[in-house]
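Novice: below are the sequence and a predicted model for it; my questions follow.
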There are 2 protein chains.
Amino acid sequence: MKKFINSPQNLIEEMLEGFVAANSNKVRRLETERVLVRKDAPVQGKVGIVTGGGSGHKPAFIGYIGKGLVDAVAVGDIFAAPPVQRAYEAIKAANGGKGVLLCIGNYSGDIMNFGMAKELAEAEGIPVETVVVNDDVASSPKERMDNRRGVAGEVILWKIAGALAEEGADLQKLKEVGERAVFNTRSMGVAHTPCVLPTTGKPSFEIGEDEMEIGVGHHGEPGIQRTKMMSADEVSELLTLKVIEDLPFKSGDEVVVLINGLGSTSLLEMYICFRKVNQILADHNIKVHRTYVGEFFTSLEMGGFSVTLTKLDDELKRLIDAPCDGVHFIQH
Amino acid sequence: MKKFINSPQNLIEEMLEGFVAANSNKVRRLETERVLVRKDAPVQGKVGIVTGGGSGHKPAFIGYIGKGLVDAVAVGDIFAAPPVQRAYEAIKAANGGKGVLLCIGNYSGDIMNFGMAKELAEAEGIPVETVVVNDDVASSPKERMDNRRGVAGEVILWKIAGALAEEGADLQKLKEVGERAVFNTRSMGVAHTPCVLPTTGKPSFEIGEDEMEIGVGHHGEPGIQRTKMMSADEVSELLTLKVIEDLPFKSGDEVVVLINGLGSTSLLEMYICFRKVNQILADHNIKVHRTYVGEFFTSLEMGGFSVTLTKLDDELKRLIDAPCDGVHFIQH
């Protein structure tokens, strides 16, 4: 395993130490727990936005802490949900008197631990609502959306909920708009190379020299099809058509496009793929309002990318366009 | 070769098409040449900042186009300098009446082609000055700094020169401050995994299963030492001490730190490494004014990272802190 680490036991602590030192203008760490918060948290009179999950997805989750985005993150071990106490401390640290919106991915560990943390917080009088992200169309049929994983679409939720919270919206409004944003968001990914887990030295999945996995999850979960490598245009078309037909996105719709690199896929490749995605959207008369291309939610050094579309209405458009000042996500 | 491309012949064109489509709010392409410019270029009354070089380093070079940064980029093939005509068109497109500052890396092809383009532009009455970046301390002894390669330090020059040009400074002032910034900037990198060139399918260098190359160049150029893999702390200390002793950086100095991922090295690892860099700087009583951690100047999917330090004075501090709005480099 070729990685720049010291010991597998200490890597989360050491990463957090480096992260807080590098970004002390925007974040601080709670003394009691592996929770990072906005430097000025809790912001009074604003609903707190809380997220968290396993480590290894950087810039997610902690790179989204900042104004107009996330207030507190409960940090888990590599690809593992944070424990209940940690999620609970994140909620308390983010509550500025108007309650907390949990924005989390649809993974059983996260659902369970954040769910119990929510109960603890509510017992102390902190109002908490939850929006669960389930944008990965490959992970379950449309009839069972509750079984779908959350992938890069989480970034869209953080952006939209973060902007709305900054405007002063109340918790019920945030839940309503957040759930609409999630429902309007669909993603699908592909990977040809696993990441190697720094804790075990094992690859996240096995795959042949000339193969790729269509619909792969963020932790190497199996997708819907294992095929020979395709061209950029072929794979981009496959992903984009699956995403379009799922909502379905229709002629006249306006969308955000997010092309998310999973780790080792170059920006060069991602822009070649976006070219085709953009052509397909034009063919369908779907208007691109805004495009993000880059690494937004990785799986360490996995090779692959995903395509995310979010259908916008006027409110979502205003929120996606609002400025934000996260550690690794800044928008003027 | 597992890459999301179509044909090696078309990949630069297709990448540019995707890039311009995704970022049409900030950039446009010249009709005649592979040159991308700020959407509002040339900006009247401002010195134009021009750069360029081979493709495969994204977000460099084109990701730095934008307000407070770069005005025009001449785009080369993979790891190859852009031709003279292209560099010349970039200069013309960036000239808003106050001339153009070329900010380029110290590679023979770039020096030659941008040099000839400068002569062509000057013959048409456009004042042009050049600042050559040679921050890679591993590439030549200190006595022959003119032989040193430019690596991630180019990003620091674009930031500083871009901010100064935005303030309205004239060409001579830009050259003076740009050269000071470059002189104050020193870098060194390490890699354990080559990238694979999409044009040939060949790796950029050969290396053993448990080895890494200290002082590697951005195109896989040999460094100063091939060793067994070290821990994050060991390699971070080695790079940082070499960089510190080169200028040398001294007790009381204030610096910018740039930890630059070369492609497939995760942010998790980079923050673990920054932790050690930061400790060493503290031990030397060198004050960190600002830190950048991420992928700023890659070599496709090469595995590795570099450490860059820039010594600041009050003027450089003001310029590094100024806001900017590049495609892939935004600062509030």
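Specialist: It's in. Numbers count the residues shown, from 1 in each chain, chains lettered A, B, ... in the order given.
Novice: quick one, helices of the stretch 1-150 of chain A?
Specialist: A:11-22, A:84-94, A:108-123 (DSSP state H, counting those that start in this stretch).
Novice: run the chain-centre distance for the last one.
Specialist: Spelled out, that is helix A:108-123. 19 Å (C-alpha atoms, centre = their mean, to the nearest Å).
Novice: what about the residue nearest to residue A:68 when sequence neighbours are not counted, neighbour count?
Specialist: Nearest in space to residue A:68, with sequence neighbours left out and distances taken as C-beta to C-beta, 6 or more residues apart in numbering or on different chains, is residue A:324 at 3.2 Å. (Each C-beta comes from the backbone N, C-alpha and C, glycine too.) Neighbours of residue A:324 under the rule other C-beta atoms under 10 Å in any protein chain shown: 22.
Novice: where's residue A:324 relative to residue A:63, distance?
Specialist: 12 Å (C-beta to C-beta, to the nearest Å).
Novice: circling back: of all the helices of the stretch 1-150 of chain A, which one is nearest residue A:102?
Specialist: Of all the helices of the stretch 1-150 of chain A, it is helix A:108-123 that lies closest to residue A:102, at 5.3 Å by C-beta to C-beta.
Novice: show me what the closest one is packed up against.
Specialist: strand A:48-55, helix A:84-94, strand A:100-105, strand A:128-133 (3 or more C-beta pairs under 8 Å, 6 or more residues apart in numbering or on different chains; DSSP states H and E).
Novice: now the angle from the longest one to strand A:48-55?
Specialist: Here helix A:84-94 points in a direction 150 degrees away from that of strand A:48-55 (axes from the mean of the first three to the mean of the last three C-alpha atoms, to 10 degrees).
Novice: wasn't residue A:273 part of a strand?
Specialist: No. Checked against DSSP: H, G, I helix; E, B strand; the rest coil, residue A:273 lies outside a strand; its state is helix.
Novice: now do the contacts for it.
Specialist: A:232, A:235, A:236, A:259, A:305, A:307, B:4, B:18 (C-beta atoms under 8 Å, 6 or more residues apart in numbering or on different chains).
Novice: return the subset of those residues lying in strands.
Specialist: A:259, A:305, A:307 (DSSP state E).
Novice: any idea how chain A splits into domains?
Specialist: Here the domain parsing of chain A from automatic domain parsing is A:12-184, A:185-311.
Novice: how long is the longest one from one end to the other?
Specialist: Spelled out, that is domain A:12-184. 34 Å (C-alpha to C-alpha, to the nearest Å).
Novice: next: stretch A:193-200.
Specialist: First residue to last in stretch A:193-200 (C-alpha to C-alpha) measures 17 Å.
Novice: contacts for that stretch?
Specialist: Around stretch A:193-200, the neighbours that count as contacts under C-beta under 8 Å, 6+ apart are A:1, A:3, A:5, A:8, A:11, A:56, A:77-79, A:202-207, A:220, A:263-264, A:299-304, B:2, B:268.
Novice: just the buried members of those residues?
Specialist: Neighbour counting over those (16 or more other C-beta atoms under 10 Å in any protein chain shown) leaves A:3, A:5, A:11, A:56, A:78-79, A:204-205, A:207, A:220, A:263-264, A:299-304, B:2, B:268 as the buried ones.
Novice: before we move on, the earlier item: quick check, nearest of the ones in strands among the contacts of residue A:273 to residue A:149?
Specialist: Using C-beta to C-beta, the ones in strands among the contacts of residue A:273 come closest to residue A:149 at residue A:307, 15.1 Å.
Novice: these two touch, right, the closest one and residue A:239?
Specialist: Yes. Between residue A:307 and residue A:239 there is a contact under C-beta atoms under 8 Å: 4.5 Å.
Novice: hey, what's in contact with both of these two?
Specialist: By C-beta under 8 Å, 6+ apart, the residues touching both residue A:307 and residue A:239 are A:188, A:189, A:277.
Novice: and those residues, which of them are in strands?
Specialist: A:188, A:189.
Novice: nearest to chain B, of the shared contacts of residue A:307 and residue A:239?
Specialist: Nearest to chain B, judged by C-beta to the nearest C-beta, of the shared contacts of residue A:307 and residue A:239 is residue A:277 at 8.4 Å.
Novice: residues in contact with the closest one?
Specialist: Residue A:277 sits next to A:236, A:239, A:240, A:257, A:259, A:307 when contact means C-beta under 8 Å, 6+ apart.
Novice: over to residue A:68?
Specialist: A:159, A:162, A:163, A:166, A:322, A:323, A:324, A:325, A:326, A:331.
Novice: please redo it, this time with the cut-off set to 7 Å
Specialist: A:162, A:163, A:166, A:322, A:323, A:324, A:325 (C-beta atoms under 7 Å, 6 or more residues apart in numbering or on different chains).
Novice: next one: residue A:253
Specialist: Neighbour list for residue A:253: A:286, A:311 [criterion: C-beta under 7 Å, 6+ apart].
Novice: ok, it to chain B distance?
Specialist: 18 Å (C-beta to the nearest C-beta, to the nearest Å).
Novice: what does residue A:72 give?
Specialist: 19 Å.
Novice: residue A:254 now?
Specialist: 15 Å.
Novice: could you check the pLDDT of that residue?
Specialist: Looking at residue A:254, its pLDDT is 98.
Novice: residue nearest the middle of chain A, spatially speaking?
Specialist: The geometric centre of chain A, computed from its C-alpha atoms, lies nearest to residue A:154 (C-alpha atoms, centre = their mean), at 3.2 Å.
Novice: wasn't that residue part of a helix?
Specialist: Yes. Counting by three-state DSSP, one finds residue A:154 located in a helix.
Novice: check contacts around it.
Specialist: Taking C-beta under 7 Å, 6+ apart, one finds A:60, A:103, A:105, A:133, A:297 in contact with residue A:154.
Novice: quick one: residues contacting the third one.
Specialist: When the contact criterion is C-beta under 7 Å, 6+ apart, the partners of residue A:105 are A:53, A:133, A:149, A:150, A:154.
Novice: pull the number of nearby residues for residue A:174.
Specialist: 25.
Novice: residues in contact with it?
Specialist: Per C-beta under 7 Å, 6+ apart, neighbours of residue A:174: A:47, A:101, A:161, A:164, A:165.
Novice: hang on, isn't the second one packed against residue A:131?
Specialist: Yes. Residue A:101 sits in contact with residue A:131 when judged by C-beta atoms under 7 Å, with a separation of 6.5 Å.
Novice: the more surrounded of the two?
Specialist: residue A:101 (30 against 23).
Novice: what sits against the more buried one?
Specialist: A:47, A:49, A:129, A:131, A:161, A:171, A:174, A:175, A:178.
Novice: could you do residue A:225 as well?
Specialist: So residue A:225 contacts A:214, A:215 (C-beta under 7 Å, 6+ apart).
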